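Novice: just coords:
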């Protein structure tokens with residue numbers, strides 16, 4: 001799987017063994033890592049695994065962005081990911097704006 005995006009290789013490696021889109025669950029459309037809240041951060045918390053089709057149909061509403069962020073946070077924590085200082089700063093900045101609860 002080849003993921004095209006400006007995320008670091010470490011972040012990209014977190015998603016290497018995920019094979020389906022987190023929105024439609026399809027695995028035959030090619031996968032990308034979507035910036036949930038735009039390119040404000042390359043933190044893994046801002047990454048959302050999505051197929052090219054769903055990515056082209058993202059509306060970037062506040063509700064959609066909050067869902068992406070929350071989904072990623074829960075997935076990373078289940079994977080045993082340890083938040084970095086940069087991740088915590090990103091989360092703290094956005095949790096109230098998006099009413100995020102994990």
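Specialist: Cool, the structure landed. Treat the numbers as computed from the prediction; the structure is a model and nothing was measured. Residues are numbered from 1 along each chain as shown.
Novice: and the gap between the residue of the chain most remote from its centre and residue 63?
Specialist: Residue farthest from the centre of the chain, counting by C-alpha atoms, centre = their mean, is residue 28 at 19.3 Å. The gap separating residue 28 from residue 63 is 27 Å, by C-beta to C-beta, to the nearest Å. Every C-beta, even on glycine, is put in place using the N, C-alpha and C of the backbone.
Novice: Over to residue 74?
Specialist: 17 Å.
Novice: Return the residues in contact with residue 64.
Specialist: Counting by C-beta atoms under 8 Å, 6 or more residues apart in numbering, residue 64 makes contact with residue 58.
Novice: pLDDT on stretch 71-91, on average?
Specialist: Mean pLDDT, computed over stretch 71-91, is 91.
Novice: meant to ask about stretch 8-26
Specialist: For stretch 8-26, the mean confidence score works out to 93.
Novice: Please state the offset of that stretch from the chain centre?
Specialist: 9 Å (C-alpha atoms, centre = their mean, to the nearest Å).
Novice: Now do the end-to-end distance for that stretch.
Specialist: From the first residue to the last, stretch 8-26 extends over 25 Å; the measure is C-alpha to C-alpha, to the nearest Å.
Novice: Need the contact partners of that stretch.
Specialist: Stretch 8-26 is contacted by residues 1, 3, 5, 27, 29, 31, 33, 42-44, 47-51, 53-54, 71, 75-76, 79, 81 when judged by C-beta under 8 Å, 6+ apart.
Novice: Quick check on the residues you listed: which are buried?
Specialist: 3, 31, 33, 42-44, 47-51, 54, 75-76 (16 or more other C-beta atoms under 10 Å).
Novice: Phi, psi for the residue farthest from the centre of the chain please.
Specialist: When read as degrees, to the nearest 10, the backbone of residue 28 gives phi -110, psi 10.
Novice: How about residue 49?
Specialist: The phi and psi values for residue 49, taken as degrees, to the nearest 10, are phi -80, psi 120.
Novice: What of residue 32?
Specialist: Main-chain dihedrals, residue 32, degrees, to the nearest 10: phi -140, psi 160.
Novice: my guess is it meets residue 54, correct?
Specialist: No: the pair residue 32 / residue 54 is not scored as a contact, 9.1 Å apart, by C-beta atoms under 8 Å.
Novice: Noted, bye for now.
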